[in-house]
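In: Please work out how this folds:
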Amino acid sequence: MSFKVVVDSASDIPLDKATNAGITTVPMPVTIDGETFLEGINLQTNDFYSKFETFKELPKTSQPNPNTLLETYERILSEGHEVVAIHLSSGLSSTVSTARMIREMTTAPERVHVIDSLGASFGYGLLALYAQNALQFAASWEEAEKTILEYRKNMRYVFTIDNLEYLVKGGRVSRPAGFIGGLLDVKPILHITSEGKIEPFAKVRTRRAAIRKLVEVMAHDIENVENLEQQVIGISHSTCINDAQILADEIRQRFRVKEIWISEIGCVVGSHTGPGTLSLFYPIHNN
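Out: Numbering: from 1, shown residues only. Got it, this is the predicted structure:
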């Protein structure tokens, strides 16, 4: 039995890690001032963020092209594998519902398994990397699915942003939350809930305090986690690599973890969070 994981580009998995793991990434469209691009194909993060402040309106994102999903699933099926399609949270996108519809259009729907990541950015990417590894040792899909869903349940997503305006305009957080953030000139801490939606979590006054708060939240979550030295921690950022490295250093100083992987937030997620976003992802279960 052989499985291949498929993700969309909102997973923000670095290309080398996706390639080494054998994970296929389907590009998601981003529309900028009326022109549509494909993330990772004809739209790259460096160009995207360098021009972000000059866009006439907030970029718009949409689900992957259904034909692209179908072609990707069918190619993997034709190679003799089963498809494990893990997509951007249903609380943030309609990609999962489209993937389930496309599954029924394939030549072997019973060999296409769709999982709602209930996450975004590199936290969702870590879930996919974990899934690809777990699938190598699974005796059946049922066994693998149980393991993957357990990991999904325990994945934590916390992040801070410079400006709530982008999330509010994109409908990812409520306008009252955005209004309060702007009024008080705070640095908001947000998280992704167990339902895969973004909600405000805390607020602090400065960027430095925001970084400390991310570490404190992690410390609280993992205080009872055993074998912490075997855990991989994820950090993603949009144009704030120095802050990402400061966060990584603080985590290394405070906790013994296996590795810390830093990823850049891609154009899809960045369209809604804007430059200056710093995210932290970690599992809160025992290995």
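
In: quick one, phi psi at Val84?
Out: phi -120, psi 100 (degrees, to the nearest 10).

In: Test my guess that it contacts Ser117.
Out: No. The pair Val84 / Ser117 is not scored as a contact, 11.4 Å apart, by C-beta atoms under 8 Å. The C-beta positions use only the backbone N, C-alpha and C, and glycine is treated the same way.

In: When those two are compared, which one has more neighbours?
Out: Between Val84 and Ser117, counted using other C-beta atoms under 10 Å, Ser117 has the larger neighbour count: 30 against 26.

In: Would you mind measuring from the nearest residue to that one once chain neighbours are set aside to Leu77?
Out: Among residues not flanking Ser117 along the chain, Tyr124 sits closest, at 4.2 Å (C-beta to C-beta, 6 or more residues apart in numbering). When distances are taken as C-beta to C-beta, to the nearest Å, Tyr124 and Leu77 turn out to be 23 Å apart.

In: Val158 now?
Out: Applying C-beta to C-beta, the value for Val158 to Leu77 is 37 Å.

In: and these two? which has more neighbours close in?
Out: Val158 (21 against 18).

In: Give me the residue ranges of this structure where confidence is low.
Out: Segments of the chain classed as low confidence (criterion: pLDDT under 70) are 1, 164, 166, 168-185, 285-287.

In: Just want the most central residue of it.
Out: Ser121 (2.0 Å; C-alpha atoms, centre = their mean).

In: which residues touch that residue?
Out: Neighbour list for Ser121: Ala10, Ser11, Asp12, Tyr157, Ser236, Ser263, Ile265, Gly266, Val269, Ser279, Phe281 [criterion: C-beta atoms under 8 Å, 6 or more residues apart in numbering].

In: if you set the cut-off to 7 Å instead, what comes out?
Out: Ser121 makes contact with Ala10, Asp12, Ser236, Ile265, Val269, Ser279, according to C-beta atoms under 7 Å, 6 or more residues apart in numbering.

In: So what's the residue count around the fourth one?
Out: Spelled out, that is Ile265. Counted with other C-beta under 10 Å, residues neighbouring Ile265 total 29.

In: What distance do you get for the residue nearest to it when sequence neighbours are not counted to Glu195?
Out: Spatial nearest neighbour of Ile265, excluding adjacent residues (C-beta to C-beta, 6+ apart): Ser238 at 4.1 Å. Distance check for Ser238 against Glu195: by C-beta to C-beta, it reads 24 Å.

In: Over to Thr31?
Out: 27 Å.

In: Of these two, give the one with the bigger neighbour count.
Out: In this view Thr31 and Glu195 are compared by other C-beta under 10 Å, and Thr31 has more residues nearby, 14 against 10.

In: Which residue ranges of the protein form helices?
Out: Listed in chain order, the helices found in the chain under DSSP state H are 15-21, 45-50, 66-78, 95-103, 121-135, 141-153, 165-169, 175-184, 207-221, 241-254, 267-273.

In: Any chance of a markdown table for these, columns distance to Leu38?
Out: Rendered in a markdown table, the data for the helices of the chain read as follows (distance: least, C-beta to C-beta, whole Å):
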| stretch | distance to Leu38 |
| --- | --- |
| helix 15-21 | 15 |
| helix 45-50 | 12 |
| helix 66-78 | 9 |
| helix 95-103 | 14 |
| helix 121-135 | 18 |
| helix 141-153 | 27 |
| helix 165-169 | 21 |
| helix 175-184 | 29 |
| helix 207-221 | 32 |
| helix 241-254 | 25 |
| helix 267-273 | 9 |
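
In: Of those, flag the one that's most buried.
Out: helix 267-273 (a mean of 27; mean count of other C-beta atoms under 10 Å).
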